[in-house]
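S.K.: Sequence first, then the predicted structure, then my questions.
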Amino acid sequence: MQMMSKTVDLDGVDIAYRSFTPLGHANSDSAPVMLVHGMGGDSTTWDRFTRALTTHGRRVITVDLRGHGKSAHTSTYQFDSFGADLLALVDHLGLTEIDLVGHSLGGYAVSLVAQRRPQLVRRLVLEELPIPIRPGDAPPTLTGRMPSVTELWHAATSVVLHPRAVLAFDRSMTATALEQFRRPNPQWWESLADITAPTLVLRGGPGGMVDPDRLDAMVAEIPTCRVEAFRTGHSIHRDGYSAFEAIVLPFLTH
């Protein structure tokens, strides 16, 4: 496969991405697959799955979210800004159809793309998405299923496996992220019905961060949606890769 690495200015924010093209498929009509990491990680978390996708003839785009990897640190880390960055990158690349896979914070970001531009998204995969609070829900505490700072840090990487991602991560976003996890997000819930792409939700086992009640409510709102449960914790694609590939690769290459 051929790999290109670039950083582009998107509305004043430098966003880094890599594009992988399978050899012999430079002019493929297949929609590219965009892979988006979780909080504390970077695009390299997807290297193994990228190889599997390109082997099946798919172009792959991996992104460093703002405040991560080679992308810029910024003054704001509102969750909606991550989705806006992805949409700006899609427009910059001139894409008209795409498959989206997002882990944790990246899952939230790609869900926004699918809500705001439903005609763009062919298939959607949400891995261990921390589902926003519904209006009327009691404010959560940072116990039980809600992520602690340590769990959020572990969500996409570790010092041992991805030291460069840890060093590049803008830790100033942690407090902002935790504050956003605590407050209701009615607009996100109202927009779930706008998602038209077949959607695959991946739920981890012990150590996962998906609230089961909110999961049921979310699935009921998305027109075409199914859930797959795994024994692995929050980072399914990293810690349970074989099971992850066995489910997600056929879904994307169908």
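M.R.: Arrived safely, thanks for sending. Numbering: from 1, shown residues only.
S.K.: For the stretch 51-200 of the chain, give me the ranges with low pLDDT.
M.R.: Scanning the stretch 51-200 of the chain for pLDDT under 70 picks out 140-163.
S.K.: at 80 what do you get?
M.R.: Scanning the stretch 51-200 of the chain for pLDDT under 80 picks out 138-166.
S.K.: Which residue ranges of it form strands?
M.R.: Using DSSP state E, counting those that start in this stretch, the strands of the stretch 51-200 of the chain run over 60-63, 98-103, 121-127, 199-203.
S.K.: Kindly reformat those strands as CSV containing mean neighbour count and distance to residue 33.
M.R.: Backbone N, C-alpha and C define where each C-beta goes, glycine included. Below are the strands of the stretch 51-200 of the chain laid out as CSV (neighbours: other CB atoms under 10 Å; distance: least, CB to CB, whole Å):
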stretch, mean neighbour count, distance to residue 33
strand 60-63, 26, 5
strand 98-103, 28, 4
strand 121-127, 25, 9
strand 199-203, 22, 13
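S.K.: Relative to residue 172, which of the ones you listed is closest?
M.R.: Between residue 172 and the strands of the stretch 51-200 of the chain, the shortest gap by CB to CB is with strand 60-63, which sits at 20.1 Å.
S.K.: hey, where'd the helices end up in the protein?
M.R.: Secondary structure of the chain by DSSP state H: the helices cover 47-55, 79-93, 105-116, 149-154, 163-168, 173-182, 186-191, 212-221, 236-239, 241-253.
S.K.: quick revisit: do you know which of the strands of the stretch 51-200 of the chain lies nearest residue 44?
M.R.: Using CB to CB as the measure, strand 60-63 is the one of the strands of the stretch 51-200 of the chain that comes nearest residue 44, at 7.8 Å.
S.K.: quick revisit: now tabulate the helices of the chain in JSON lines and tack on distance to residue 9 and mean neighbour count.
M.R.: Formatted as JSON lines, the entries for the helices of the chain read as follows, by distance: least, CB to CB, whole Å; neighbours: other CB atoms under 10 Å:
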{"stretch": "helix 47-55", "distance to residue 9": "25", "mean neighbour count": "17"}
{"stretch": "helix 79-93", "distance to residue 9": "9", "mean neighbour count": "19"}
{"stretch": "helix 105-116", "distance to residue 9": "19", "mean neighbour count": "25"}
{"stretch": "helix 149-154", "distance to residue 9": "28", "mean neighbour count": "17"}
{"stretch": "helix 163-168", "distance to residue 9": "18", "mean neighbour count": "15"}
{"stretch": "helix 173-182", "distance to residue 9": "20", "mean neighbour count": "16"}
{"stretch": "helix 186-191", "distance to residue 9": "28", "mean neighbour count": "15"}
{"stretch": "helix 212-221", "distance to residue 9": "34", "mean neighbour count": "14"}
{"stretch": "helix 236-239", "distance to residue 9": "29", "mean neighbour count": "23"}
{"stretch": "helix 241-253", "distance to residue 9": "30", "mean neighbour count": "16"}
